[in-house]
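Engineer: fold the following.
(3 chains)
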Amino acid sequence: MKGKELLRSRSVLPIGTVMKLTNLTARQIRYYEEQELVLPDRSEGNRRLYSLNDIDRLLEVKDYLDDGINMAGIKEIYRQRRQKQASKRHEENKPLTDSDLRRILHDEFMNLGGLDTPDQQSFRTHNPLM
DNA sequence: TTTCTAACA
DNA sequence: TGTTAGAA
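Structural biologist: Sure, this is the predicted structure:
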């Protein structure tokens, strides 16, 4: 069951293909890389090579953006997602209650207000914690 | 031809 | 974000 994961992680798509698959412009794709939302490999000639996982990531970022979430908000979402995974790996039996999760999210959600003009409703809708 | 970086009448 | 110049 890890053969597929290996395949999905295999970076082989040039940016031109990614553009067609995601309907994003090269400019946007490169910009998201600058924001560290996607980290494609590079070929010998310094050309970007994307994997299927990268495509999913790009489409996900696109969805968030379409819903009005800004870069800061998206980074925040992935930050929380990573933090959660790390958390889950360590505290194997530290069941946070539903109210705990809501309290944590509420705190971070309020912090987002000072960043830009995040679409809070969308953030609520997409945040895995809600 | 395609992609890269850097920069902006 | 778009667009473009010059290079690879």
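Engineer: which residues of chain A lie near DNA strand C?
Structural biologist: Residues of chain A lying close to DNA strand C by C-beta under 7 Å from any atom of the strand are A:25-28, A:31, A:45, A:65. The way it works is simple: take the backbone N, C-alpha and C, and place the C-beta from them, glycine included.
Engineer: show me which residues of chain A are close to DNA strand B?
Structural biologist: Within chain A, the residues that sit near DNA strand B (C-beta under 7 Å from any atom of the strand) are A:14-17, A:19, A:26-27, A:30, A:46-48.
Engineer: ok, now with 6 Å
Structural biologist: Proximity of chain A to DNA strand B is confined to A:14-16, A:26, A:30, A:46-48 under the rule C-beta under 6 Å from any atom of the strand.
Engineer: domain ranges for chain A, per the record?
Structural biologist: Annotated domains of chain A cover A:1-66, A:69-130 [automatic domain parsing].
Engineer: among those, which gets the worst mean confidence?
Structural biologist: For the domains of chain A, the weakest mean pLDDT is recorded on domain A:69-130, namely a mean of 67.
Engineer: tell me which stretches of chain A form strands.
Structural biologist: For chain A, strands defined by DSSP state E occupy the ranges A:41-42, A:48-49.
Engineer: for those, give me a markdown table that also has mean neighbour count.
Structural biologist: Below are these laid out as a markdown table (neighbours: other C-beta atoms under 10 Å):
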| stretch | mean neighbour count |
| --- | --- |
| strand A:41-42 | 12 |
| strand A:48-49 | 18 |
